[in-house]
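Asks: 3D, please:
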Amino acid sequence: MQTLSPVRDAPLADLARMAHAIRFLSVDAILAAGEGHQGVPLGMAEIATTLYARHLRFDPADPTWPDRDRVVLSNGHGSMLLYALLHLTGYGHMPLDALKTFRELGSPCAGHPEYEPAAGIEVTTGPLGQGIANALGMAIAEAALNARFGDDLVNHRTWAFVGDGCLQEGIGQEVIQLAGHLRLGKLTFLWDDNAITDDGPTDLSISENVAERFRVAGWHVQEIDGHDIPAIDAALAAATADPRPSLIACRTRIACGIARLEGQRGGHSGKLFPDDRAGMAARFDWTAGAFDTPPALRAAWRATAAPGGKARADWQARLAQQGHAVHDAFARAQARTLASGWREAIHAFKARAAQEGKADFSIAASGEIASALYGVLPEMMTACADLEAPTNHKRQLSAFTAGDRAGRYIHCGVREHAMGALANGMAAHGGVIPLAVTYLPFSDYERPAMRMAALMGLPTLFVFSHDSIGIGKNGPTHQPVEIIASLRAMPNMLVLRPCDAVEAAEVWEIALAHATGPSCLVFARQSLPCLRTDGGPDNRSARGAYVLAQATGGPRRVTLLSTGSEVQIALAARDLLQAEGIATAVVSMPCWSLFEAQDRAYRSEVLGTGCVRVAVEAAVKFGWERWIGEDGGFVGMTGFGASGPADELYRHFGITAEAVAAQARARL
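Replies: Numbering: from 1, shown residues only. Reported below is the predicted structural model:
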């Protein structure tokens, strides 16, 4: 059995000088860049030094070692704290020349950290609060993997550097509540409690006892002097020993060392000058030049990685001793290599759906597909925001709780923002495949997390129900007429909206195979007829769009384009036009971005040339111009919805086969 995050032998007396190495590298980089945020690296230098030198388990020789401790810089504007730490401890992707190009184009030292695990950067932070929620997800992933593989393979901690802004954002309270409820004892927040924000003292905008918020949520809370190294060391040890998640409230002085800015609002990111560095050097008796760390301090910093190197070697020996089944399952989960049989599970559902040909609630079909996959892919975990019954994705899963870490269904409560961000943390951690499930109108609560997933290229699966006016009587607050267009506008985000159960199987296959970014699987609440009778393994949706119904009786004159629940309307409109002798094809477009990636010849074949194009979707027109052209027709929404039965709403807003056919006739 390994010892978790052991206290090591780095003498406490040496740590103060080691902390100054962080301060001076940070100031030198900010001076070279002409801008930056010095408040965090100068204020948290002692905290970070004590963590890395005495408690953190890491190995720069293998930055992505699966059982390493995770470190999240949630207050990401203080990025030079992380870059200085990574350089000083010997990460190969963070040489001194990288620090000298801080904030320059192409530098690994971006203004805010970007996702690069091989460089020691676990997640992208910057939008405050995202990082702490990512850390929550990492702690959940660790606990789940520990339950599956045991202490010998998975037993590490998650640490987060946290600022006031992270805790003021609404997502902060969501994280505090859920982490406390789940009793994630390997999660520790190190709060830079400097009582200052960019505007001035924190009492300009808050008056509550922040630490007490954690206490009432069931956290272990310690309040210490964040510049007192023995106190920091003792607090870290106590946090490691406590079974609850821990907050260490570290009272610090922002921009500690810069006399002109220390403790002031300007300490956050006020411009630095050479005289500021000179004054700090005199104060701390620092004689080394710019970007120069004295050899003894360099050696001391490099030595902090030695215990982690030994821990990794011991871990590798334990992994090698596992049986083939455990070894292979662990390696497969870490590599996100999907187990054999996953496609077959989807294909079996698809064939059955095509054969039965019955109408089904679209989100229920998604739940059935997920259920078929749960048995094949034990790394799949589903998070849901208090919508278990209407979204139907729990199925045979048990709940992940404080008492049962083997559960794979996370009851997030009404906390969509935290849910999306913790799912990203789980994906970044590795070893699990996270789903975040809610209604599409509530995706706006998840939007910052979805954007971060796309930016990082994390394969998080966002699953949505209630995608249009088809939800009916709940009314316009729950009818997301504009949201699909906004998701399609997000770079590196697959947006998949299937028309029936067969396409539902195909979009699930696409999303699971897509490992370089997130996917939105958008399902209708209402029952949809089965439009496809071909249930074979060929994935027609994989190219984004395809001809669902060919024109007959002559050359194609009209192309009707649609997605999701409105494809059935396009098919009905085709029947009307074909009956009049107007050769009409219907194109189903479950994923615009995949279709746009196809070659011109395929796109022309699908869309048709020299013919009228009309699109129908129970959403706003924005973006459809790309496919229908300036002269194309559109049947959909021009404003928000209304409360009423779904079929009446479609007629009320003119989203009917007759309206689609009329748009086509008017353009012939």
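Asks: please, where are all the strands along the stretch 401-550 of the chain?
Replies: Counting by DSSP state E, counting those that start in this stretch, residue ranges of the strands within the stretch 401-550 of the chain are 409-411, 433-439, 461-465, 494-496, 519-522, 527-528, 546-549.
Asks: nearest to Gln177, out of those strands?
Replies: Nearest of these to Gln177, taken as CB to CB: strand 409-411 at 12.1 Å. Yep, even glycine has a C-beta here, placed from its N, CA and C like the rest.
Asks: what does the closest one rub up against?
Replies: Residues from elsewhere that reach strand 409-411 (CB atoms under 8 Å, 6 or more residues apart in numbering): 140, 381-384, 386, 388, 393-394, 397-400, 419, 422.
Asks: just the ones in helices from those residues, please.
Replies: Applying DSSP state H to the contacts of strand 409-411, the entries found in helices are 140, 388, 419, 422.
Asks: least confident pick among those?
Replies: Least confident of the ones in helices among the contacts of strand 409-411 in the model: Glu388, at 88.
Asks: low-confidence stretches in the protein?
Replies: 1-8 (pLDDT under 70).
Asks: helices and strands around the strand ranked longest in it, which ones?
Replies: Longest strand in the chain, counting residues (DSSP state E): strand 612-620. Under the contact criterion of 3 or more CB pairs under 8 Å, 6 or more residues apart in numbering; DSSP states H and E, strand 612-620 touches helix 483-488, strand 558-562, helix 567-579, helix 625-628, strand 633-637, helix 657-666.
Asks: switch to 10 Å and redo it
Replies: helix 483-488, strand 558-562, helix 567-579, strand 584-588, helix 625-628, strand 633-637, helix 646-652, helix 657-666 (3 or more CB pairs under 10 Å, 6 or more residues apart in numbering; DSSP states H and E).
Asks: quote the end-to-end distance of stretch 267-280.
Replies: By CA to CA, to the nearest Å, the extent of stretch 267-280 from end to end equals 14 Å.
Asks: how about that stretch: buried residues?
Replies: Within stretch 267-280, the residues that qualify as buried are 267-270, 272, 276-277, 280, counting by 16 or more other CB atoms under 10 Å.
Asks: Val175: which of the residues you listed is nearest?
Replies: Nearest to Val175 among these, with distances taken as CB to CB, is His268, at 22.8 Å.
Asks: what's the closest non-adjacent residue to that closest one?
Replies: Once flanking residues are discounted, His268 sits nearest to Gly39: 4.5 Å by CB to CB, 6 or more residues apart in numbering.
Asks: returning to that earlier point: right, and the strands of the stretch 401-550 of the chain - which one's nearest Phe653?
Replies: Proximity to Phe653 (CB to CB) singles out strand 527-528 among those, at 18.4 Å.
Asks: roughly how far is that closest one from the heart of the chain?
Replies: 30 Å (CA atoms, centre = their mean, to the nearest Å).
Asks: that one pairs with which strands, parallel or anti?
Replies: Looking at strand 527-528 with DSSP bridges, its partner strands are strand 360-361 (antiparallel).
Asks: returning to that earlier point: from the buried residues of stretch 267-280, which is closest to Arg23?
Replies: Met280 (6.9 Å).
Asks: state the helix or strand in which the closest one lies.
Replies: Assessed by DSSP states H and E, Met280 sits inside helix 274-284.
Asks: can you give me the buried ones in the helix or strand following that helix?
Replies: Heading C-terminal from helix 274-284, the first helix or strand you meet, by DSSP H and E, is helix 295-303. For helix 295-303, the neighbour count (16+ other CB under 10 Å) marks 297-298, 300-301, 303 as buried.
Asks: of these, which is the nearest to Ser366?
Replies: Distance ranking of the buried residues of helix 295-303 against Ser366, using CB to CB, places Trp301 first at 50.0 Å.
Asks: just to check, that closest one is in contact with His20?
Replies: No - at 11.5 Å, Trp301 does not count as touching His20 under the criterion of CB atoms under 10 Å.
Asks: anything in contact with each of those two?
Replies: 49, 293 (CB atoms under 10 Å, 6 or more residues apart in numbering).
Asks: would you map the helices across the stretch 301-450 of the chain?
Replies: In the stretch 301-450 of the chain, the helices defined using DSSP state H, counting those that start in this stretch lie at 306-321, 324-335, 342-356, 362-374, 388-391, 416-429, 443-456.
Asks: highest mean neighbour count out of those helices?
Replies: Scoring the helices of the stretch 301-450 of the chain by mean neighbour count under mean count of other CB atoms under 10 Å gives helix 416-429 as the most buried, with a mean of 30.
Asks: what about dumping the CA coordinates of that one to PDB?
Replies: Only the C-alpha atoms of helix 416-429 are listed here, as PDB (Å, rounded to 0.1, in the frame of the first residue of the first chain):
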ATOM      1  CA  GLU A 416     -25.900  22.800 -14.200                       C
ATOM      2  CA  HIS A 417     -22.900  25.200 -14.200                       C
ATOM      3  CA  ALA A 418     -20.900  23.000 -11.800                       C
ATOM      4  CA  MET A 419     -22.100  19.900 -13.600                       C
ATOM      5  CA  GLY A 420     -20.700  21.000 -16.900                       C
ATOM      6  CA  ALA A 421     -17.400  22.100 -15.400                       C
ATOM      7  CA  LEU A 422     -16.900  19.000 -13.200                       C
ATOM      8  CA  ALA A 423     -17.500  16.900 -16.300                       C
ATOM      9  CA  ASN A 424     -14.600  18.700 -18.000                       C
ATOM     10  CA  GLY A 425     -12.500  18.000 -14.900                       C
ATOM     11  CA  MET A 426     -13.400  14.300 -15.200                       C
ATOM     12  CA  ALA A 427     -12.400  14.300 -18.900                       C
ATOM     13  CA  ALA A 428      -9.200  16.100 -18.200                       C
ATOM     14  CA  HIS A 429      -8.300  13.700 -15.400                       C
END
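Asks: that helix packs against which elements?
Replies: strand 70-73, helix 130-149, helix 170-182, strand 380-384, strand 409-411, strand 433-439, helix 443-456, strand 461-465.
Asks: of these, which is nearest Leu319?
Replies: With CB to CB as the criterion, Leu319 lies closest to helix 130-149 of those, at 9.6 Å.
Asks: what comes up buried for the closest one?
Replies: Within helix 130-149, the residues scored as buried using 16+ other CB under 10 Å are 130-146, 148-149.
Asks: longest single helix anywhere in the chain?
Replies: Longest helix in the chain, counting residues (DSSP H): helix 12-33.
Asks: what are the C-alpha coordinates of that helix, in CSV please?
Replies: What follows is helix 12-33, C-alpha atoms only, in CSV (Å, rounded to 0.1, in the frame of the first residue of the first chain):
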residue,chain,number,x,y,z
LEU,A,12,11.3,24.4,6.3
ALA,A,13,14.1,26.9,6.8
ASP,A,14,15.1,26.6,3.1
LEU,A,15,11.6,27.2,1.7
ALA,A,16,11.5,30.9,2.2
ARG,A,17,14.4,31.4,-0.2
MET,A,18,12.8,28.9,-2.6
ALA,A,19,9.6,31.0,-2.5
HIS,A,20,11.6,34.1,-3.5
ALA,A,21,12.8,32.2,-6.6
ILE,A,22,9.1,32.1,-7.7
ARG,A,23,8.7,35.8,-7.0
PHE,A,24,11.7,36.9,-9.0
LEU,A,25,11.0,34.7,-12.0
SER,A,26,7.5,36.0,-12.0
VAL,A,27,8.5,39.6,-11.8
ASP,A,28,11.2,39.2,-14.5
ALA,A,29,8.7,37.5,-16.9
ILE,A,30,6.1,40.2,-16.3
LEU,A,31,8.7,43.0,-16.8
ALA,A,32,9.8,41.3,-20.0
ALA,A,33,6.2,41.0,-21.3
